[in-house]
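> Below: sequence and its predicted model.
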Number of protein chains: 2
Amino acid sequence: MSLDDRSAAQIRLDIREGRITGVSAGLGRNFVQANLAVLPRAQAYDFLLFCQRNPRPCPVVEVCDAGSPEPTGVAPGADLRTDIASYRIYEHGKLVAEVTDIRPYWRDDLVAFLLGCSFTFEWALLEAGVRLWHIEHGRGVAMYRTSIACRPAGVFQGPMVVSMRPIRAQDVAKAVTTSARYPGAHGAPVHIGDPSALGIADIAQPDYGDPQTFGPNDVPVFWACGVTPQAVALASKPPLMITHSPGHMFITDLPNTALAAL
Amino acid sequence: MSLDDRSAAQIRLDIREGRITGVSAGLGRNFVQANLAVLPRAQAYDFLLFCQRNPRPCPVVEVCDAGSPEPTGVAPGADLRTDIASYRIYEHGKLVAEVTDIRPYWRDDLVAFLLGCSFTFEWALLEAGVRLWHIEHGRGVAMYRTSIACRPAGVFQGPMVVSMRPIRAQDVAKAVTTSARYPGAHGAPVHIGDPSALGIADIAQPDYGDPQTFGPNDVPVFWACGVTPQAVALASKPPLMITHSPGHMFITDLPNTALAAL
């Protein structure tokens, strides 16, 4: 996939005006892409606390002021109501609509959260020469619900969801150190090897995404996944929750390296 | 100063029962020590958001459930109302009492925050062979209000406070990489060299702490400081705020290395 050389703001404008409608993978030259979660202010404290207590699955990149759709810290001038190609609207935990513009749903008490996304560490892995089967084969990663309980916060509780990538044995250490540099994008793996230690009965049957194919020297490597906060939030059946549609991330102005801890 | 070889829980018990009454520097073998800030639930969301938006001065280590004085994530079984040697009580931004037990002030709506502290990266610097003048001379660090505005959140806004340590020129790079490993304890320096770039007119006159003495090859190195959130919170004049007294930190069960990003 060839990279779009334009600025993040130019790409967001194309999304806002309907000229880009697909998934965001490969859009933009290494800008941080982020998961969107919008909740009413009444649920926002518990959700922010949940993220603080579970930073591996829920790395907070930005929290907008209540009522504001502008992520001033990571993309000043952007509008989170229009600058994502597709959104999902949930009421009391149920999907009720999939839309390209959430202005009709916007309210003064809504708080928009942007959470780091695996694209950042996958970019770093590829740059470091670590091969990723799902990218080479144009598939999604494999994701699994685990037996690891997140630390609860108020109304939010549930299991950690992980993503799994087969990594060549000789590259596992490099995959660990490379992803560990990006705590703002899930950081280091949470587990390497035996899936049963995470309560995963059958590695060939992911709960979300696509099954992966293992080479003879490949080891399953598991990272905390951004599906976790969305699954946990929806399980609490908030009156309203808005998210990006899968794969349709928000593109910030930050280069991926801005999330590097070191 | 010789290190106390006992567990953090044993040391906290001595503090709780009044057998240890002084500052916490040097207590315990490399346990994470933390700043305490207690605020009513009504101010807690804005304060947590302020910390999220200003992670260098305000690295959150733990947020207790509203009404709970037990930091289950970092010191299960501890009681934040008794396990710090000295506390300050502020009402509407004014210091009204300094006490050794805050149980009489405790309420069901209070939220206790623990924030990372410079002891963690100072320990790492010393382990790495970086000399620290104030430790060698038994003094405090120098701290300065700067012209850097923190990113505001709700009622909380104000300048970043920084701590400054003279570092030998040949050790500055090591000081940067070593402290950068600990984003949970202020992380890398925010500035190296010319104090005037931070709006500091006279390096010899710190706003808090002690002036430092510079050797011929020393460079002033500035880190974001945990005084920031306390100063910012008090400036908003919350009806009640409780903090540790300066130097009297909370000792967690976590080893300092638990805060390392990599």
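Thanks, I have it.

> Can you give me the neighbour number for the closest residue in space to A:Met249 that isn't next to it in sequence?
Leaving aside its sequence neighbours, A:Met249 sits nearest to A:Gln33 (CB to CB, 6 or more residues apart in numbering or on different chains; 3.8 Å). Backbone N, C-alpha and C define where each C-beta goes, glycine included. If you count neighbours by other CB atoms under 10 Å in any protein chain shown, A:Gln33 ends up with 27.

> Would you map out the domains in chain A?
What automatic domain parsing lists as the domains of chain A is A:8-117+A:235-259, A:119-229.

> What pairs with the helix or strand containing A:Ala97, parallel or antiparallel?
Using DSSP states H and E, A:Ala97 sits within strand A:94-99. Next to strand A:94-99 in the sheet, as set by DSSP bridges, lie strand A:87-91 (antiparallel).

> Tell me the buried residues in the partner strand?
Using 16 or more other CB atoms under 10 Å in any protein chain shown as the test for burial, strand A:87-91 gives A:87-90.

> Distance from the chain centre to it, please.
Averaging C-alpha positions (CA atoms, centre = their mean, to the nearest Å) puts strand A:87-91 16 Å from its chain's average.

> contact partners of stretch A:61-74?
Contacts with stretch A:61-74, where a contact means CB atoms under 8 Å, 6 or more residues apart in numbering or on different chains, come from A:32, A:34, A:41, A:44, A:48, A:76-81, A:106-116, A:184, A:250, A:252-254, A:259, B:49, B:52-53, B:151, B:153-154.

> Now restrict those to buried residues only.
Among those, those classed as buried by neighbour count (16+ other CB under 10 Å) are A:32, A:34, A:44, A:48, A:78-81, A:106, A:110-116, A:184, A:250, A:252-254, A:259, B:49, B:52-53, B:153.

> Could you list which of those residues belong to strands?
Assigned to strands by DSSP state E, the following of the buried ones among the contacts of stretch A:61-74 qualify: A:32, A:34, A:110-116, A:250, A:252-254.

> could you dump these to CSV with distance to chain B and pLDDT?
Output for these, formatted as CSV (distance: CB to the nearest CB, whole Å; pLDDT from 0 to 100):
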residue, distance to chain B, pLDDT
A:Val32, 15, 96
A:Ala34, 14, 97
A:Leu110, 14, 98
A:Val111, 9, 98
A:Ala112, 12, 98
A:Phe113, 10, 98
A:Leu114, 11, 98
A:Leu115, 12, 97
A:Gly116, 13, 95
A:Phe250, 17, 98
A:Thr252, 15, 97
A:Asp253, 15, 97
A:Leu254, 14, 96
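
> quick one: which of the residues you listed is nearest A:Phe222?
Set against A:Phe222, the nearest of these by CB to CB is A:Gly116 (16.8 Å).

> What is the end-to-end distance of stretch A:253-262?
End-to-end distance for stretch A:253-262, by CA to CA, to the nearest Å: 20 Å.

> Which positions within it qualify as buried?
Neighbour-count burial for stretch A:253-262 flags A:253-254, A:256, A:259-262 (criterion: 16+ other CB under 10 Å).

> Mind checking which of those land in helices?
Judged by DSSP state H, the buried residues of stretch A:253-262 include no members of helices.

> residue farthest from the centroid of chain A?
Distance from the centre of chain A peaks at A:Pro216, with 29.4 Å (CA atoms, centre = their mean).

> Just to be sure, it is in a helix?
No. Assessed with DSSP: H, G, I helix; E, B strand; the rest coil, A:Pro216 is coil; it does not lie in a helix.

> Which residues of chain A lie near chain B?
A:44-45, A:48-49, A:52-53, A:60, A:63, A:65, A:73, A:151, A:153-154, A:177, A:180-181, A:183, A:187-188, A:261-262 (CB under 8 Å from any CB of the partner chain).

> got a list of what A:Pro159 touches?
Going by CB under 8 Å, 6+ apart, A:Pro159 touches A:145-150, A:228.

> for it, phi and psi?
phi -80, psi 160 (degrees, to the nearest 10).

> State the distance from it to A:Gly28.
Remark: distance between A:Pro159 and A:Gly28 (CB to CB, to the nearest Å) = 32 Å.

> Ok, A:Leu198 next?
From A:Leu198 to A:Gly28 the distance is 33 Å (CB to CB).

> Excluding residues flanking it in the chain, which one is nearest the one residue in the stretch 51-200 of chain A that gets nearest to chain B?
Nearest residue of the stretch 51-200 of chain A to chain B: A:Ala180, at 4.6 Å (CB to the nearest CB). Closest residue in space to A:Ala180, ignoring its immediate chain neighbours: A:Ala188 at 3.8 Å, by CB to CB, 6+ apart.

> The one you found: how many residues sit nearby?
21.

> Ok, A:Ser68 next?
Other residues lying near A:Ser68 total 14 when counted by other CB under 10 Å.

> Residues touching stretch A:169-176, excluding its own?
Contacts for stretch A:169-176 (CB under 8 Å, 6+ apart): A:125, A:128-131, A:165, A:167, A:188-189, A:192, A:217-219, A:221.

> mean confidence for stretch A:54-63?
Stretch A:54-63 shows a mean pLDDT of 97.

> now that stretch, how far from the centre of its chain.
Taking CA atoms, centre = their mean, one finds stretch A:54-63 lying 9 Å from the centre of the chain it belongs to.

> What distance separates the opening and closing residues of it?
Stretch A:54-63: ends 16 Å apart by CA to CA.

> Same question for stretch A:16-32.
Per CA to CA, stretch A:16-32 runs 18 Å from first to last residue.

> Residues touching it, excluding its own?
A:1-6, A:8, A:11, A:14-15, A:33, A:61, A:74, A:79, A:82-83, A:85-86, A:100, A:116-117, A:119-120, A:123, A:184-185, A:247-259.

> re the thing from before, so how far is B:His191 from the residue nearest to A:Met249?
Applying CB to CB, the value for A:Gln33 to B:His191 is 30 Å.
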